[in-house]
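Peer 1: next input, structure requested:
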Amino acid sequence: MRMQSIIRAIYPAQCVACDALTEVENGLCAACWRETQFINGTICDTCGTPLPGEDDGHRLQCDDCMAIARPWGRGRAALVYAGIGRKLVLGLKHGDRTDLTQPAGIWMAQLARSLIQPDTVIVPVPLHWARLLRRRYNQSALLAQSLARQVAQPVCVDALLRPRKTAPLEGHSRDARFAALSGSIKINPKRQAQIPGKPVLLVDDVMTSGATLAACSEVLLQAGATDVSMITLARVVKDA
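Peer 2: Here you go, the predicted model:
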């Protein structure tokens with residue numbers, strides 16, 4: 001405890017969003033907490049987007065999930081991809097803020113427990129090797145590992161591969177995103193034995209159209225997963 005106190009005196013805890021001093025490590029200050037749009041209350045059970053009204057105990061879906069066939073079963077997201085939520089995702093994705101995976105794993109675990117079965121395997125969305133080389137880490141894999149520690153479930157960080165490079169999908173239409181990802185995800189033959197007969201929880205940093213998550217889910221189901229659920233750190237929300 002003495003050494004921890006010395007370290008804390010030299011390096012006081014700071015907010016992960018604004019660097020203000022905080023009481024706990026890897027957390028948000030009171031101001032940023034109030035501004036962060038955590039997703040709770042009434043939500044779409046398939047993608048996790050917030051919905052208006054009160055939860056009446058029935059399974060609800062948003063307009064997109066009613067219009068688009070989702071290959072996964074249930075889904076959750078911790079934050080709205082706007083404001084501080086967007087800042088945190090971009091910091092993790094492009095700013096080498098790998099420290100953000102610790103609080104993100106805690107936030108995601110609170111939602112993931114309702115999706116997890118005793119033999120669930122946690123699997124991240126993969127990156128193409130060229131993008132992984134440039135970025136030096138797969139942010140979805142780091143999130144999956146942090147989440148797995150919180151919920152004490154096995155994680156297979158390389159269960160999926162992305163052998164074909166796709167152009168960045170930002171700004172593309174929903175149909176263009178789905179078309180670009182067709183055939184771009186494969187099961188890793190070295191990990192294929194870990195999927196059959198198991199439920200899978202698929203992890204990504206942010207969901208926009210769901211094209212990437214759909215491509216991964218289809219591959220996992222073809223590989224023998226009994227079902228696929230998904231969770232993301234953030235969800236793009238209309239008019240957010």
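
Peer 1: right, and residue 35 touches residue 82 too?
Peer 2: No - the pair residue 35 and residue 82 fails to qualify as a contact (C-beta atoms under 8 Å) at a distance of 10.2 Å. (Each C-beta comes from the backbone N, C-alpha and C, glycine too.)

Peer 1: joint contacts of those two?
Peer 2: Residues touching both residue 35 and residue 82 (C-beta atoms under 8 Å, 6 or more residues apart in numbering): there are none.

Peer 1: next one: phi and psi at the residue lying closest to residue 137 once chain neighbours are set aside?
Peer 2: Of all residues not flanking residue 137 in the chain, residue 98 sits nearest, at 6.4 Å (C-beta to C-beta, 6 or more residues apart in numbering). As for residue 98, its main-chain torsions (degrees, to the nearest 10) stand at phi -70, psi -20.

Peer 1: next: the one 10 residues further on.
Peer 2: Recorded main-chain torsions at residue 108 are phi -70, psi -40, according to degrees, to the nearest 10.

Peer 1: next, count neighbours for it.
Peer 2: Using other C-beta atoms under 10 Å, residue 108 has 26 neighbouring residues.

Peer 1: same check on residue 190?
Peer 2: Neighbour tally, residue 190, other C-beta under 10 Å: 10.

Peer 1: which SS state does it fall under?
Peer 2: The local conformation at residue 190, judged by DSSP: H, G, I helix; E, B strand; the rest coil, is coil.

Peer 1: next one: it relative to residue 198, how far apart?
Peer 2: With distances taken as C-beta to C-beta, to the nearest Å, residue 190 is found 16 Å from residue 198.

Peer 1: swap in residue 53?
Peer 2: 35 Å.

Peer 1: cool, and residue 145?
Peer 2: For residue 145, the distance to residue 198 (C-beta to C-beta) stands at 18 Å.

Peer 1: is it fair to say residue 79 lies in a strand?
Peer 2: Yes - counting by three-state DSSP, residue 79 falls inside a strand.
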